[in-house]
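Peer 1: quick check, what structure comes out for this input:
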Amino acid sequence: MSIQFGRWTFDGAPKADDIAKADALLSERAAGHAMSYKGYRLHALYYGLPATKESRFETQPHIAVSGNLLLWDGRLDNRQELLEEVGGDLSADAPDISIVAAVYARRAESCFSKLLGDWALTVWNPFARTIVFAKDFLGTRHLYYRLEDHQLTWSTLLDPLVLCNGNPVSLEEEYIAGWLSCFPAQHLSPFRGIYSVPPASYVKIRNRNATVHSYWDFNPEKRIYYRADTEYEAHFRSVFGEAVRRRVRADGPVFAELSGGMDSSSIVCMADRLLAEGVTGISPVETLSYFDDRETTWNERPFFTRVEQLRGRAGFHIDARSCATTPIEDSKGKFMATPGSALDQSEISQRICEHLASRGARVLLSGIGGDEALGGVPNPRPELADLATTGAFSTFAKQSLAWALSQRRPIFELWKLTFSAFLPHGLLASPESIGPPRWLNSDFMQSHHAALHGYYRRLHFFGARPSFQENLHTLEALRRQFACHNFPNPNYERRFPFLDRDLWEFVLAIPREQILRARERRSLMRRALAGILPDEIRNRRRKAFVARSPLLSVLGDWSALGQRSEPLAVTHMGIVDAPRLLQSMENVRRGRQESVMPLVRLFLIERWLRRLDGNPLCPVPRVKQSGYPLRFPATNAGHATEARA
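Peer 2: Prediction:
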């Protein structure tokens, strides 16, 4: 993991004070030492912490033979393939940045589609006076830029673009709306005028203008057919094994989150299998698990303990009960760039970081993406839509009946679910489509309809098969999730085997019924990992669902707010309709049916706004309120405090 920061001024040199302020800010976040470049109207900083053996020898900012300056934050997975392309110019142990520079010199921007891995890249051409920013196909790394009349500033962290500029920014309401539904659009940041480079895209800055270009996408025509299930299973083991191998290549120990579910357990077990088979160049995997015995529906210890028994060693355990949460009334303190920063600053996150540092580990594997890629949620719509659009009506009727019996739903309800996905939103929209919380301000909902409905896109009857379209929509939601969760600690990097590009290409190319079957969720994964994954986990009907912790979090935050005299910041901004919010909170307090997760996100936004309040560089706007008395439900004897909104 590394940090890059730079400023290009169009008239005159960058201000030394701003660069020094950015250097001081970023030095607090990085364990490595800063390297810098100062050229014609451009100043760049780089803080690196090697995570692979090859990266020990890299020097950044990197000056290529062509004269281009490159800054690279990432991991290159297809090094050998690219080394063969550039010929004998580089040795086998050349750092990633040297390989990328050589390929860019040959192919320019068309090389980006050839770079496999998690990465963010900046290329400065001093002769053409252009800068190019690019990211991998998924966007697990961040790269932000702020283009103004007199300068361009960029960074892999958001903080210096706000705090080390001098010019104030305003809040981006669409970003907040997205946070309350299915996460904001990929190119947005919480602040207007500061943008994120979209995944599978590059941004070219020239003549003080920015243009965004897509460089790669999945091919809907690519199909994979085999005669027998066993051939699909063997192919899956191959691509999944390669996805894990790529991510356990590290200069030091590798840790993996082990929750006891299929995703995290399969990563750990596959890594062990690779070591047992004698695969070279990879590190052994240690595990890290956290649990909360207060959760009656979250008893994961028997499952991650079973994996530990299979491995013959225990991992590092964190009891979530002993980890305090940051009180919402702690409104002052360290700058929080995004609403999700409150999660990144939690005690659990700090303990993870401390343990990795104590072991000299710089890599943490995560099972995020397994559900989305391999059918974790039993949804019949993609398969039935494929059958309907191809005219396979006999199979459509047969599979509809199988799914109806499996899910105990009327068959006509499944047909409605299937065909409503082809209709525009609002015209017999799918019952599973995302809708905004009822406690939002009506003007706010009207202004940000698309974001609050999860950027809904209907399926098209002609063109790519519906399951392909649906999977891409799922991938887009994942991309939005990564775009607004910073994972900002640069002292270690998170890696996601289930988000490997080759794995997703395989999943998108095989028949949908291989991934998921009416009576067997995770069908392909369960079959393929027999003998690798313990049967107790492979045959789990579903992973535990945690419902109590979010509820306690909401009630705790609400109670804490009731002890304060000032109204909510979200009501100041005109985001929330106070009477409806109070009614929803009363429903939660009395145990009535109410969606809790939007409230959890609302209070994360409230924490974030309270941290920003009073900062002259990002002032929180105020709108005129109706004077409705905001009554906070209390936790004792029905007592309530009153504040004016």
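Peer 1: can you map out the helices along the stretch 1-150 of the chain?
Peer 2: With helices called from DSSP state H, counting those that start in this stretch, the stretch 1-150 of the chain shows them at 16-27, 79-85, 96-107.
Peer 1: could you pull out the helices for the stretch 501-645 of the chain?
Peer 2: Taking DSSP H, counting those that start in this stretch as the test, the helices found in the stretch 501-645 of the chain are 501-509, 512-515, 523-528, 535-538, 548-561, 569-572, 578-589, 597-612.
Peer 1: ok, of those helices, where does mean pLDDT dip lowest?
Peer 2: Mean pLDDT is lowest for helix 548-561 among the helices of the stretch 501-645 of the chain, at a mean of 68.
Peer 1: average pLDDT across stretch 480-499?
Peer 2: What stretch 480-499 shows for mean pLDDT is 82.
Peer 1: just name the most buried of the helices of the stretch 1-150 of the chain.
Peer 2: Across the helices of the stretch 1-150 of the chain, averaging neighbours per residue (mean count of other Cβ atoms under 10 Å) puts helix 96-107 on top, at a mean of 20. C-beta: built from backbone N, CA, C; applies to glycine.
Peer 1: same for it, what does it pack against?
Peer 2: strand 62-63, strand 69-76, helix 79-85 (3 or more Cβ pairs under 8 Å, 6 or more residues apart in numbering; DSSP states H and E).
Peer 1: elements contacting the last one?
Peer 2: Taking 3+ Cβ pairs under 8 Å, 6+ apart as the contact definition, the neighbouring helices and strands of helix 79-85 are helix 96-107.
Peer 1: cool, and the second one?
Peer 2: Packed against strand 69-76, as judged by 3+ Cβ pairs under 8 Å, 6+ apart, are the following elements: strand 2-9, strand 42-48, strand 62-63, helix 96-107, strand 117-125.
Peer 1: if we go to 7 Å?
Peer 2: In terms of contacts (3 or more Cβ pairs under 7 Å, 6 or more residues apart in numbering; DSSP states H and E), strand 69-76 is packed against strand 2-9, strand 42-48, helix 96-107, strand 117-125.
Peer 1: quick one: strands adjacent to the first one?
Peer 2: What it means is strand 2-9. strand 42-48 (antiparallel), strand 151-155 (antiparallel) (DSSP bridges).
Peer 1: mean pLDDT for the ones you listed: which is lowest?
Peer 2: Of all the strands paired with strand 2-9, strand 42-48 has the smallest average pLDDT, which comes to a mean of 91.
Peer 1: that one to helix 16-27, inter-axis angle?
Peer 2: Using axes from the mean of the first three to the mean of the last three Cα atoms, to 10 degrees, one finds that strand 42-48 and helix 16-27 are set 10 degrees apart in direction.
Peer 1: can I get strand 42-48 in PDB? Just the C-alpha atoms.
Peer 2: Provided in PDB are the C-alpha atoms of strand 42-48 (Å, rounded to 0.1, in the frame of the first residue of the first chain):
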ATOM      1  CA  LEU A  42       4.700  20.200 -10.500                       C
ATOM      2  CA  HIS A  43       5.400  18.800  -7.100                       C
ATOM      3  CA  ALA A  44       4.700  15.100  -6.200                       C
ATOM      4  CA  LEU A  45       5.100  13.200  -3.000                       C
ATOM      5  CA  TYR A  46       5.200   9.400  -2.500                       C
ATOM      6  CA  TYR A  47       5.100   7.300   0.600                       C
ATOM      7  CA  GLY A  48       5.700   3.600   0.100                       C
END
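Peer 1: got the angle for that strand vs strand 117-125?
Peer 2: Using the same axes, to 10 degrees: strand 42-48 against strand 117-125 is 160 degrees.
Peer 1: picking that back up, nearest to residue 445, of the helices of the stretch 501-645 of the chain?
Peer 2: Residue 445 lies closest, by Cβ to Cβ, to one member of the helices of the stretch 501-645 of the chain: helix 578-589, at 11.3 Å.
Peer 1: tell me the SS of residue 438?
Peer 2: Using DSSP: H, G, I helix; E, B strand; the rest coil, the structure places residue 438 in coil.
Peer 1: phi, psi of it?
Peer 2: With angles defined as degrees, to the nearest 10, residue 438 sits at phi -70, psi -10.
Peer 1: just confirm it contacts residue 581, I think it does.
Peer 2: No: checked against Cβ atoms under 7 Å, the pair residue 438 and residue 581 is beyond contact range at 9.3 Å.
Peer 1: settle it for me: which of the two has more neighbours?
Peer 2: It is residue 581, of residue 438 and residue 581, that has more neighbours when counted by other Cβ atoms under 10 Å, with 24 against 14.
Peer 1: show me the domain layout of this protein.
Peer 2: Annotated domains of the chain cover 2-214, 229-323+333-373+478-538, 548-644 [automatic domain parsing].
Peer 1: turn those domains into CSV, columns for distance to residue 455.
Peer 2: Converted to CSV, the domains of the chain look like this (distance: least, Cβ to Cβ, whole Å):
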stretch, distance to residue 455
domain 2-214, 7
domain 229-323+333-373+478-538, 8
domain 548-644, 16
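Peer 1: by mean pLDDT, show me the worst of those domains.
Peer 2: Here the domains of the chain differ in mean pLDDT, and the lowest is domain 548-644 at a mean of 70.
Peer 1: still on that earlier bit, how about the helices of the stretch 1-150 of the chain in TSV, adding distance to residue 445?
Peer 2: Below are these laid out as TSV (distance: least, Cβ to Cβ, whole Å):
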stretch	distance to residue 445
helix 16-27	37
helix 79-85	48
helix 96-107	44
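Peer 1: of those, which approaches residue 319 most closely?
Peer 2: Closest to residue 319 of these, according to Cβ to Cβ: helix 16-27, at 33.4 Å.
Peer 1: and the closest one, what does it pack against?
Peer 2: strand 2-9, strand 42-48, helix 159-163.
Peer 1: after the last one, next one along is what?
Peer 2: I take that to be helix 159-163. Using DSSP states H and E, the helix or strand that directly follows helix 159-163 along the chain is helix 173-179.
Peer 1: any idea how far that next one is from the chain center?
Peer 2: Relative to its parent chain, helix 173-179 has a centroid offset of 16 Å by Cα atoms, centre = their mean, to the nearest Å.
Peer 1: again, but for stretch 140-160
Peer 2: 19 Å.
Peer 1: just give me the residue closest to the centre of the chain.
Peer 2: residue 482 (1.9 Å; Cα atoms, centre = their mean).
Peer 1: helix or strand for that residue, which one?
Peer 2: Residue 482 is part of helix 466-484 when elements are defined by DSSP H and E.
Peer 1: what lines up beside the next helix or strand after that helix in the sheet?
Peer 2: Proceeding N to C from helix 466-484, the next assigned helix or strand is strand 493-495, under DSSP H and E. Sheet pairing of strand 493-495 (DSSP bridges) gives strand 363-365 (parallel).
Peer 1: other residues contacting the partner strand?
Peer 2: Strand 363-365 is contacted from outside by 51, 247, 250, 254-257, 267, 356, 492-495, 497, using Cβ atoms under 7 Å, 6 or more residues apart in numbering.
Peer 1: buried sites along that strand?
Peer 2: Neighbour counts over strand 363-365 (16 or more other Cβ atoms under 10 Å) mark 363, 364, 365 as buried.
Peer 1: contact partners of stretch 92-99?
Peer 2: By Cβ under 7 Å, 6+ apart, stretch 92-99 touches 54-55, 57-58, 60, 62, 70, 72, 74, 76, 79, 82-83, 90.
Peer 1: what's the span of that stretch from first residue to last?
Peer 2: End-to-end span of stretch 92-99 (Cα to Cα, to the nearest Å): 10 Å.
Peer 1: how far off centre is it?
Peer 2: Chain-centre distance of stretch 92-99: 27 Å, with Cα atoms, centre = their mean.
Peer 1: what are the boundaries of the helices in the stretch 251-400 of the chain?
Peer 2: With DSSP H, counting those that start in this stretch, the ranges of helices along the stretch 251-400 of the chain come out as 262-276, 301-311, 341-344, 347-358, 370-374, 381-389, 393-407.
Peer 1: with that, I have no additional questions.
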